[in-house]
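Student: Give me coordinates for this.
(4 chains)
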2 protein chains.
Amino acid sequence: MDDGSEITNTSGDDDSADRKHLRADARRNIDDLLAAAMAVFSKSGVDAPVREIAKEAGVGVGTLYRHFPQRSDLIKEVFRREIDACADAAATLSQDNAPFEALAKWMNRYVAFIAAKRGLGAALHSGDPAYEALPAYFEKKLRPALQGLLDRAVEAGEIRDGLRPNELLRAVASLSNPAPDVGTDFTDNMMRLMLDGMRRGAGDK
Amino acid sequence: MDDGSEITNTSGDDDSADRKHLRADARRNIDDLLAAAMAVFSKSGVDAPVREIAKEAGVGVGTLYRHFPQRSDLIKEVFRREIDACADAAATLSQDNAPFEALAKWMNRYVAFIAAKRGLGAALHSGDPAYEALPAYFEKKLRPALQGLLDRAVEAGEIRDGLRPNELLRAVASLSNPAPDVGTDFTDNMMRLMLDGMRRGAGDK
DNA sequence: GAATATATGGAACAACGTTCCGTTTAACAA
DNA sequence: TTGTTAAACGGAACGTTGTTCCATATATTC
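Tutor: Just a heads-up that it's a prediction; the model follows:
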């Protein structure tokens, strides 16, 4: 039943075990490549040429392919890290803000993450099996993060109960990938609308 | 205000005017190319190589590019024709069937059209300006077609009033582009559900 | 049937993802 | 420190893509 398409199976930090018996230059190059890929993707979209990423990282394409045998492996790893960062931000925001404030800030964080990824949606729906595991990872990490924020805001009586995190995530993802005919602040407006709608008693007169 | 990205402006058949002063072999090759493209797209998806289409049509790539200066021009023309055919089917179905039956059959026709186009969704959301005009053409041709079917079914008292054709079209398009984790008959099931829900008094007990 | 504008085919180009392999270098034992 | 060696490196080279170019072929017209 293992289709081999799971995202690098890192429950916690067991990839640092893999990294331990890597040569020092290899570890450094992997880090440089991921940083370069992140920069290039946000500048030129996920369709950016492999050579551009290698150049930005200051390594040859051979080195890139040694660590990421396929272009999609690099994309997946970058997204995995960004998803993790986005999920982790929930805890931090929750500590530093009032419940609803934390929720609102995290939603905007999520919007920024999705919106910055030009071409990600296209890649996900391309039918390429290399990306099949990404949506599952999205949900696995992001749903609990959002769930925690929702629970806290519900307990504080700031938003209403029964909101389904998966639906919110999907809705935001759709709204952040706007059609070409709508304005740029469309997403912001819809987000404000959604957040207002979530407030307790929003339906009352 | 003309952004030059409109779909070939064919109100009626004014492209046959263009075709008139084309050489006979050119006309024949254009037809062969469109037929070949249609066949290849449905067999290998819209990402199929240009050379494969040229070979299927029995012409050189030079000939293909003479008539369709960009790959996307060929794609757009194929879809324009299929959209037209789908819209025209509404009138035929309306004549040969009872109102609700015609509506149901047309919806399934639309589902088949969308589902057969592997990679179309990705192309539409790719951000490539070459495809920007397609959604508008979708709506322009398909909305009136569906509107007519809805009106007739409403007048016959078979479905309820107030259904918005744009929403139905968008919903069906989304449902026909299923995520990889759902089964193949997902779309059929959802379509049946929607059609049942449209029936007059579907909400009653 | 010649003259000519038009259309054709496929070699050639640039850019892409990916592979290959001669060279370099980090790691470790002596 | 030095020598040995497995690991990692860089970038030329390959195959496939979209697109361009132009010498050749062929409808069309008179």
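
Student: show me where chain A has strands.
Tutor: Applying DSSP state E to chain A gives no strands.

Student: Once you drop chain neighbours, what's closest to A:Ala26?
Tutor: Spatial nearest neighbour of A:Ala26, chain neighbours left out: A:His67 (7.3 Å); criterion: C-beta to C-beta, 6 or more residues apart in numbering or on different chains. (Each C-beta comes from the backbone N, C-alpha and C, glycine too.)

Student: What is the burial count for the one you found?
Tutor: 17 (other C-beta atoms under 10 Å in any protein chain shown).

Student: Please apply the same query to A:Arg200.
Tutor: Around A:Arg200 there are 15 residues (other C-beta under 10 Å).

Student: Likewise for A:Arg51?
Tutor: For A:Arg51, the count of nearby residues is 11 (other C-beta under 10 Å).

Student: Would you mind measuring from the residue lying closest to it once chain neighbours are set aside to DNA strand D?
Tutor: In this structure, A:Arg51 finds its nearest non-sequential neighbour in A:Val61, 5.9 Å apart by C-beta to C-beta, 6+ apart. Per C-beta to the nearest atom of the strand, to the nearest Å, A:Val61 is found 4 Å from DNA strand D.

Student: buried residues in stretch A:66-83?
Tutor: For stretch A:66-83, burial by neighbour count (16 or more other C-beta atoms under 10 Å in any protein chain shown) applies to A:67-68, A:71-72, A:74-80, A:82-83.

Student: Same check on stretch A:143-154?
Tutor: For stretch A:143-154, by 16+ other C-beta under 10 Å, it's A:Arg143, A:Ala145, A:Leu146, A:Gly148, A:Leu149, A:Leu150, A:Arg152, A:Ala153, A:Val154.

Student: what about it, distance to the chain center?
Tutor: Relative to its parent chain, stretch A:143-154 has a centroid offset of 17 Å by C-alpha atoms, centre = their mean, to the nearest Å.

Student: Please list the outside residues in contact with stretch A:136-155.
Tutor: Residues outside stretch A:136-155 that contact it (C-beta atoms under 8 Å, 6 or more residues apart in numbering or on different chains) are A:7, A:79-80, A:83-84, A:86-91, A:93-94, A:99-100, A:102-103, A:106, A:110, A:159-161, A:163, A:165-166, A:168-169, B:181.

Student: And for A:Leu193, the neighbour number?
Tutor: A:Leu193 - counted by other C-beta under 10 Å - has 11 other residues nearby.

Student: One more: A:Gly201?
Tutor: For A:Gly201, the neighbour count with other C-beta under 10 Å is 9.

Student: backbone phi and psi for A:Pro69, please?
Tutor: phi -50, psi -30 (degrees, to the nearest 10).

Student: same deal with A:Arg200?
Tutor: Torsion angles, degrees, to the nearest 10, at A:Arg200: phi -60, psi 130.

Student: and the residue lying closest to it once chain neighbours are set aside, what is it in contact with?
Tutor: The shortest distance from A:Arg200 to any non-neighbouring residue, by C-beta to C-beta, 6+ apart, is to A:Arg160 (5.0 Å). With contact taken as C-beta under 8 Å, 6+ apart, A:Arg160 is in contact with A:Val154, A:Met198, A:Arg199, A:Arg200, A:Gly201, A:Ala202.

Student: For the fifth one, report the pLDDT, please.
Tutor: pLDDT recorded at A:Gly201 is 70.

Student: Now for it: which residues touch it?
Tutor: Counted by C-beta under 8 Å, 6+ apart, A:Gly201 has contacts A:Arg160.

Student: how much space between it and A:Gln70?
Tutor: To A:Gln70, A:Gly201 is 51 Å away according to C-beta to C-beta, to the nearest Å.

Student: same check, this time on the fourth one
Tutor: To A:Gln70, A:Arg200 is 48 Å away according to C-beta to C-beta.

Student: same thing with the second one?
Tutor: Separation of A:Met198 from A:Gln70 (C-beta to C-beta): 40 Å.

Student: ok, now A:Tyr137?
Tutor: From A:Tyr137 to A:Gln70 the distance is 17 Å (C-beta to C-beta).

Student: ok, now A:Lys20?
Tutor: As judged by C-beta to C-beta, A:Lys20 and A:Gln70 stand 24 Å apart.

Student: Kindly report the same for A:Gln95.
Tutor: Distance, A:Gln95 to A:Gln70, using C-beta to C-beta: 39 Å.

Student: A:Pro99 now?
Tutor: 42 Å.

Student: ok, and the closest non-adjacent residue to the residue nearest the centre of chain A?
Tutor: For chain A, A:Ile83 is the residue whose C-alpha lies nearest the centre (C-alpha atoms, centre = their mean; 3.4 Å). Leaving aside its sequence neighbours, A:Ile83 sits nearest to A:Lys141 (C-beta to C-beta, 6+ apart; 5.3 Å).

Student: That concludes my questions; thank you for your assistance.
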